[in-house]
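K.L.:
Sharing a model that was predicted from the sequence below.
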Amino acid sequence: MNRRWIVQPLDAQPDGVDDNGNKSPGSQTTAVPKSVILPGTEHLPSPPLNGVSPPPPEEAPSIPFQAILSRTLDTVEDAVLHVRRIPYDLDWFLETPLSDDRERVVVLGSGWAAHALLKVADPTKLAILVVSPANHFVFTPMLASAAVGTVEYRSMTEAVRAANPMIENYFQGQAVDVDVQKKIIKVQLNDLVDEIGTPPLVQVPYDKLVVAVGCKVADNLVPGAKEFCLRLKTCDDARNLRDGIGECLEYACRPDVTSKDMVTGNGMKMAESEAERRRKERSRRVTFAIVGGGPTGVELAGELSDFLKDITRPRVGAYSILREDVRIVLLHGGKDLVPAFDPELREHALKSLQKEGVEVMLNTKVLEVGRDFIKYEPKESGIEETLDVGLTIWAAGTAPVPFINALLEKLPESARGKSGRINVDEFLRCPTGDEEIFGSILCMGDAASFADKATSILPQTAQVAGQQGAFAARLLSRGYDLTATPPLLAKNGPMMLNAWMKLRGLEKAVGFDFVNLGLLAYVGSGEALTQIQIGDVPILSYAGSISFVLWRSVYLVKQVATRNRLLVTFDWFKSKVFGRDITRL
Ligand SMILES: Cc1cc2nc3c(=O)[nH]c(=O)nc-3n(C[C@H](O)[C@H](O)[C@H](O)COP(=O)(O)OP(=O)(O)OC[C@H]3O[C@@H](n4cnc5c(N)ncnc54)[C@H](O)[C@@H]3O)c2cc1C
């Protein structure tokens, strides 16, 4: 049977799928949540004292050596895969030796989880099709830098096709619906420039669907946020923000708000009241409000503060005339900035931003956003106040993308996870409500949460998404039978691989285990927060300029390709020596 990708008009049946959408009957189906056995719990519990059970003993945090060893061996396996890929990448084989019988894997998304999967997946075993509205991966931690021109957009992106040239294909579009029984995904292709009419809706069959669509900014929480706020989630957002900031700066330099010479067009001295009105309006135009004091809001405040300081330097700054007018206001609903960090680092973030002149409003509830204002209420006073602004950036909260809601409609109720995410088991499989198709949909990254209460609260971070993407790639490439729990290695798999898996005791797959390596955040003026840990064991908690060096080093190392490392280094050098590029193109 020819199993190459087939894109069909909507009403056609996909190749290899019968009327009921079944490919082959599976053996076992229900997602079994990971059972956590704490040391000592194998013994009977001690009898309650005075009828009150003693609190369970606290588990001392320990370095997850087993998980680290396992990751190291996985990395060796990935390296072998990459070496094996070299002849294909270098085009030494004239004819592609890839089999048509490979499992068809449709990957939705090109973000952290999808990109990690593409880098590690074995295309000689899997026929991978990527569907995403963005044809590239973006290094999200640097979006704030890109929004103020410290680095350029293209320096921190990698095209999907470049990430793994051996994938079957990439379609630029977004999944809008799915038939989980027939295993067909419906994709609305992107608009092309000059395309006449609506771009086609195509249906794509799959054996395995990998849902890595991330989440969106929750800008529907207060009236006006969606219409009047900018966001920071994609490269387009960073570009819009850079444009928006540039526009505000030029708008504040217009003659209708300047009061430098205090002289009107007819040579009369400007009235004091008019001068004051202009001063206020000029200041409003360059008042930048950021809603949300999480890592995105704080890093953006830090980067923006650096940028404004740079361009408003006395005499030499391109916008030195706005020196007294520019303002950054950070509004945050909680009592601490960056709550994921240790208390001292949160405090440092606050002090550092305040030192740089950022006005931080903690415990402040935003009520409404308009084109040029924000209505807010400090929790303490409970009195509504208004802030006049030139531009507002919404960086508070996340929400599921529309496709997740469409998918949840097709899945059983048990798939509905926290905050609109999709519940998965420890092998990233979501419940399908049907034994035959269980294991055909994997969900990961920001879009997924664990059904098991013990692990359900994994943060929405690149670290989690990346580790899950690589985990899924290995699960699929090694050929585990995902209908079984735990998934079992295929008996007829490649001899060498099976022997290696047996040696590692992995005939039965082991569930995903997140290894937390800590957190980093830039807070402006060459200072960063560093919280390094291994699993739950804290290693280092530090804030300051040494952290900044570490922050930059880690971001450089974590770039997805050597090309990106070179470009980012060059951008940093360029902006340091020549200042940030303020050209408005
Ligand atoms: C500004 C910013 C800074 C951050 N900084 C950090 C940091 O320093 N450290 C950290 O660990 N995390 C950071 N994060 C969080 C991190 O980026 C996310 O947790 C991570 O991107 C999640 O990965 P993901 O693969 O689940 O989703 P994403 O990376 O968001 O990727 C989702 C992909 O799905 C695509 N998509 C959306 N809808 C569809 C559809 N219907 N069909 C097909 N494709 C679709 C999108 O285009 C995108 O390519 C930051 C996030 C932001 C926004």
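P.N.:
Looks like it came in fine. Residues are numbered from 1 along each chain as shown.

K.L.:
quick one: what helix or strand has the closest residue to Ala116 other than its chain neighbours in it?
P.N.:
Nearest residue to Ala116 in three dimensions, chain neighbours excluded: Gly469, at 3.1 Å (Cβ to Cβ, 6 or more residues apart in numbering). (C-beta placed from N, C-alpha, C; glycine too.) In the assignment (DSSP states H and E), Gly469 maps to helix 462-477.

K.L.:
so what strands line up beside the next helix-or-strand element following that helix?
P.N.:
Once the chain leaves helix 462-477, the next helix or strand it forms, by DSSP H and E, is strand 480-481. Using DSSP bridges, the strands paired with strand 480-481 in its sheet are strand 488-489 (antiparallel).

K.L.:
Can you name the next helix or strand after the partner strand?
P.N.:
helix 495-503.

K.L.:
which residues of this protein score low on pLDDT?
P.N.:
1-60, 93-97, 260-268, 453-456 (pLDDT under 70).

K.L.:
need the residues of it near the ligand, please.
P.N.:
108-114, 131-134, 140-141, 143-144, 174-175, 212-214, 232-233, 295-296, 401, 403, 445-447, 460-463, 465 (Cβ under 6 Å from any ligand atom).

K.L.:
Just the ones of the residues you listed in helices?
P.N.:
If you go by DSSP state H, those have 112-114, 143-144, 295-296, 403, 462-463, 465 in helices.

K.L.:
Contact partners for the residue in the stretch 401-550 of the chain positioned nearest to the ligand?
P.N.:
Residue nearest to the ligand within the stretch 401-550 of the chain: Gly445 (2.1 Å; Cβ to the nearest ligand atom). By Cβ atoms under 8 Å, 6 or more residues apart in numbering, the contact set of Gly445 is 109, 111-114, 212, 214, 460, 464-465, 468-469.

K.L.:
from the residues you listed, which is closest to Leu189?
P.N.:
Distance ranking of the contacts of Gly445 against Leu189, using Cβ to Cβ, places Gly109 first at 15.7 Å.

K.L.:
OK, contacts around the closest one?
P.N.:
Neighbours of Gly109 in contact, by Cβ under 8 Å, 6+ apart: 130-132, 211-214, 445.

K.L.:
rerun at 6 Å
P.N.:
132, 212-213 (Cβ atoms under 6 Å, 6 or more residues apart in numbering).

K.L.:
Turn those into TSV, including neighbour count.
P.N.:
Listed next are these as TSV, based on neighbours: other Cβ atoms under 10 Å:
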residue	neighbour count
Ser132	25
Ala212	30
Val213	29
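
K.L.:
CA atoms of the helix holding Gly469 as CSV?
P.N.:
The C-alpha coordinates for helix 462-477 follow below in CSV (Å, rounded to 0.1, in the frame of the first residue of the first chain):
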residue,chain,number,x,y,z
ALA,A,462,9.9,26.0,26.9
GLN,A,463,11.8,23.6,29.1
VAL,A,464,8.7,21.4,29.7
ALA,A,465,7.6,21.6,26.0
GLY,A,466,11.1,20.8,24.7
GLN,A,467,11.5,17.8,27.0
GLN,A,468,8.1,16.5,26.1
GLY,A,469,8.7,16.9,22.3
ALA,A,470,11.9,14.9,22.5
PHE,A,471,10.2,12.3,24.7
ALA,A,472,7.4,11.9,22.1
ALA,A,473,9.9,11.7,19.3
ARG,A,474,11.7,8.8,21.0
LEU,A,475,8.5,7.0,21.8
LEU,A,476,7.5,7.1,18.2
SER,A,477,10.9,6.5,16.6
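
K.L.:
what angle do that helix and helix 495-503 make?
P.N.:
With axes from the mean of the first three to the mean of the last three Cα atoms, to 10 degrees as the basis, helix 462-477 and helix 495-503 are set at 120 degrees to each other.

K.L.:
Who are the packing partners of helix 462-477?
P.N.:
For helix 462-477, the elements it packs on are helix 112-120, judged by 3 or more Cβ pairs under 6 Å, 6 or more residues apart in numbering; DSSP states H and E.

K.L.:
Give me the phi and psi for the closest residue to Ile184 other than its chain neighbours.
P.N.:
Computed as Cβ to Cβ, 6+ apart, the closest residue to Ile184 that is not its neighbour in sequence is Gln203, at 4.9 Å. Note on Gln203: backbone dihedrals following degrees, to the nearest 10 are phi -120, psi 140.

K.L.:
In this structure Gln203 contacts Lys186, no?
P.N.:
Yes - counting by Cβ atoms under 6 Å, Lys186 is a contact partner of Gln203 at 5.2 Å.

K.L.:
higher neighbour count, those two?
P.N.:
Gln203 (21 against 18; other Cβ atoms under 10 Å).

K.L.:
Point to the residue nearest the middle of the chain.
P.N.:
Nearest to the geometric centre of the chain sits Ala462, at 5.4 Å (Cα atoms, centre = their mean).

K.L.:
tally of neighbours for the closest residue to it other than its chain neighbours?
P.N.:
Nearest non-adjacent residue to Ala462, counting by Cβ to Cβ, 6+ apart: Trp112, 4.5 Å away. Close neighbours of Trp112, defined as other Cβ under 10 Å, add up to 27.

K.L.:
which residues sit in contact with Asp513?
P.N.:
Residues in contact with Asp513 (Cβ under 6 Å, 6+ apart) are Ala67.

K.L.:
Please report the distance of Thr398 from Val298.
P.N.:
16 Å (Cβ to Cβ, to the nearest Å).

K.L.:
ok, those two, which is more surrounded?
P.N.:
Set side by side, Thr398 and Val298 show more neighbours around Val298, with 31 against 18, by other Cβ under 10 Å.

K.L.:
which secondary structure element contains that one?
P.N.:
Taking DSSP H and E as the definition, Val298 sits inside helix 295-311.

K.L.:
What's the first helix or strand after that helix?
P.N.:
Following helix 295-311 in sequence order, the next helix or strand is strand 327-331 (DSSP H and E).

K.L.:
helices or strands next to that next one in the packing?
P.N.:
Against strand 327-331 (3+ Cβ pairs under 6 Å, 6+ apart) you get strand 287-291, helix 295-311, strand 359-361.
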